[in-house]
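Asks: Would you be able to build a 3D model of this:
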Amino acid sequence: MLKRATQQHAPKVFISHAAADNVLARKIRNLLRSTFDANVSTTEDLSAGGDWESQLRREISDSDYVVALLTPQSVQSTFVLQDLGAAWALGKPIISLITRRDVLNTIPLSVNESQMIELTDVDNPATSDELARRFSQIIGSHPVP
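Replies: Numbering: from 1, shown residues only. Next up, the predicted model:
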């Protein structure tokens, strides 16, 4: 695996996604945890009973990286777009995971091609290895202090 031994601390990653993509977001969270020893949270981890908006702001603010899981469902979500706008305003590196290229035509945001990863089948070992390799490249270009 590609463990990041050069990091001063484990990277903190927030994954923004639509509720319909919970299963895929969990798989990505598990991959990042196992590959990079990353501290990963998702919108699913927010407490629905508490002040989830404050929790969400704190998660994005405290993150070293924000992962945007861009699927046909998430690009229709105003919450995902708000998450990305907040991350952009805070100057957080945004790593876009796209499941289909055509979703790029439906979001009102520009996606940095150098920080974009095409994701086809996270259960396929070759795809998981490629995802880990691309994350490693992107995180290496935006190291955590």
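Asks: Could you pull out the buried residues of the longest helix along the chain?
Replies: For the chain, the longest helix by residue count, based on DSSP state H, is helix 125-141. Using 16 or more other Cβ atoms under 10 Å as the test for burial, helix 125-141 gives 128, 131-132, 134-135, 138-139. All C-beta atoms are positioned from the backbone trio N, CA, C, and that covers glycine.
Asks: just the angle between the helix or strand hosting Val67 and helix 125-141, please?
Replies: For Val67, the host element (DSSP states H and E) is strand 65-70. Going by axes from the mean of the first three to the mean of the last three Cα atoms, to 10 degrees, strand 65-70 is angled at 140 degrees with respect to helix 125-141.
Asks: buried ones in strand 65-70?
Replies: In strand 65-70, counting by 16+ other Cβ under 10 Å, buried: 65-70.
Asks: possible to save these as JSON lines with pLDDT and distance to Ser34?
Replies: Formatted as JSON lines, these follow (pLDDT from 0 to 100; distance: Cβ to Cβ, whole Å):
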{"residue": "Tyr65", "pLDDT": "92", "distance to Ser34": "16"}
{"residue": "Val66", "pLDDT": "93", "distance to Ser34": "20"}
{"residue": "Val67", "pLDDT": "93", "distance to Ser34": "15"}
{"residue": "Ala68", "pLDDT": "91", "distance to Ser34": "21"}
{"residue": "Leu69", "pLDDT": "92", "distance to Ser34": "18"}
{"residue": "Leu70", "pLDDT": "91", "distance to Ser34": "23"}
